[in-house]
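Enquirer: Just to be clear, the model below is a prediction. Sequence and coordinates:
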Amino acid sequence: MIRLAIQKSGRLSEDSLNLIRECGISFVSSTYKLKTEATNFPLEILFLRDDDIPGYVQDGVADLGIVGQNVLVEAGFPKLEVEALGFSKCRLSLAVPRGAEYSSVASLQGKNIATSYPEILGRYLTGEGVQAQLHTISGSVEIAPSIGLADAICDIVSSGSTLLGNGLREVETVFRSEAVLIANQNLNTEKQHLLEQLRFRMQAVRRARRNKYIILNAPVAALDQVKALLPGIKSPTVTKLAEEGWVSVQSVVNEDDFWHVTDQLKAVGAEGILVLPIEKMIS
Ligand SMILES: Nc1ncnc2c1ncn2[C@@H]1O[C@H](COP(=O)(O)OP(=O)(O)OP(=O)(O)O)[C@@H](O)[C@H]1O
Ligand SMILES: O=P(O)(O)OC[C@H]1O[C@H](OP(=O)(O)OP(=O)(O)O)[C@H](O)[C@@H]1O
Ligand SMILES: [Mg+2]
């Protein structure tokens, strides 16, 4: 049995649970139950505050965890990271009141800065040669300048609406973060093997999310161009249509390239383009 710690409730929770479920692992979860066992994989899931997860994994109380890199690095255990998971992407930024004078990070010399990330911010400011007083607060950091607690803040930004709503202006990006899988560094052989199985499944799920299955009809004369646009995993599948001079092509296309490739496919004469989601992708 391997023990995985995930956030009980917050920005990481839903995506963490979805990823585990998409890996084909079934379990029952309820708001009040802080520990559950999977029914079809030797996995126990602990539901914790995210700040506690790096320490638990470092100490071996949990074998694995899912946490933001911001919390992992702030806790001082960056070496525990084994796999970036691609969700909960955000940045840790410095922000000042909208009307405040600011030309560069040197403008923060001698200022009071409120943050929940004194380690990451402290290292950044030292690197920039700036000395400032850091006030560590655990939440609602964006309120600090408006209540006279600080001249600037350093906190998580995603859409920027919290900064906007509190009259603040983002001035520097200090750190970029996403959710990561972390693991204790002294797992025994059996747990190491379970970790590898989990990583394999997570990679298959992530690869599938990034790609789409595409089926289309094309004139035989355009086949070489279509093949060049849709190289697929090894090569596309090409079958003859009942109608003379036409083929059906099946392939895989990256989600990011999809619209661009589709425009080009249409330009060379492709028709009846169907796009389907992929559940798992193993190369
Ligand atoms: N607005 C956001 N957009 C994307 N990711 C975010 C955002 N805010 C936070 N995150 C990421 O999700 C993690 C958890 O954020 P959340 O706000 O749920 O933390 P928390 O309030 O400290 O939770 P807990 O109660 O577990 O301590 C953060 O550490 C960060 O990595
Ligand atoms: O740039 P935005 O999209 O506005 O997101 C940034 C906000 O999101 C997070 O807080 P959250 O909403 O998770 O609440 P919390 O303070 O309870 O953690 C973070 O602490 C910021 O305040
Ligand atoms: Mg927290």
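Expert: Structure's in. What do you need? Ligands and ions are numbered 1, 2, ... in the order given.
Enquirer: Report pLDDT for residue 277.
Expert: On pLDDT, residue 277 comes in at 95.
Enquirer: For the residue in the stretch 51-200 of the chain that ligand 1 sits nearest to, grab phi and psi.
Expert: For the stretch 51-200 of the chain, the residue closest to ligand 1 is residue 68, as judged by CB to the nearest ligand atom, at 2.1 Å. To be clear about C-beta, it is placed using only N, CA and C from the backbone, and glycine gets the same treatment. The phi/psi pair for residue 68 (degrees, to the nearest 10) reads phi -70, psi 150.
Enquirer: and residue 256, that's in a strand?
Expert: No: going by DSSP: H, G, I helix; E, B strand; the rest coil, the assignment for residue 256 is helix, not a strand.
Enquirer: In contact with the nearest residue to it once chain neighbours are set aside, which residues?
Expert: If the residues on either side of it in the chain are set aside, residue 256 comes closest to residue 210, at 7.6 Å by CB to CB, 6 or more residues apart in numbering. Residues in contact with residue 210 (CB atoms under 8 Å, 6 or more residues apart in numbering) are 254-256.
Enquirer: re earlier: beta partners of the residue of the stretch 51-200 of the chain closest to ligand 1?
Expert: Note on residue 68: beta-bridge partners residue 179, judged by DSSP bridges.
Enquirer: need the contact list for it.
Expert: Residues in contact with residue 68 (CB under 8 Å, 6+ apart) are 11-12, 50, 88, 90, 177-180.
Enquirer: Would you mind checking those for buried ones?
Expert: Buried members of these, scored by 16 or more other CB atoms under 10 Å, are 11-12, 50, 88, 90, 177, 179-180.
Enquirer: Pretty sure residue 4 sits in a strand.
Expert: Yes: residue state for residue 4 (three-state DSSP) corresponds to a strand.
Enquirer: Show me which residues of this protein are close to ligand 2?
Expert: Proximity of the chain to ligand 2, by CB under 6 Å from any ligand atom, involves residues 11, 139, 142, 155-162.
Enquirer: The residue nearest to residue 136 when sequence neighbours are not counted: neighbour count?
Expert: Nearest residue to residue 136, sequence neighbours excluded (CB to CB, 6+ apart): residue 118, at 4.9 Å. The local packing of residue 118 (other CB atoms under 10 Å) involves 16 other residues.
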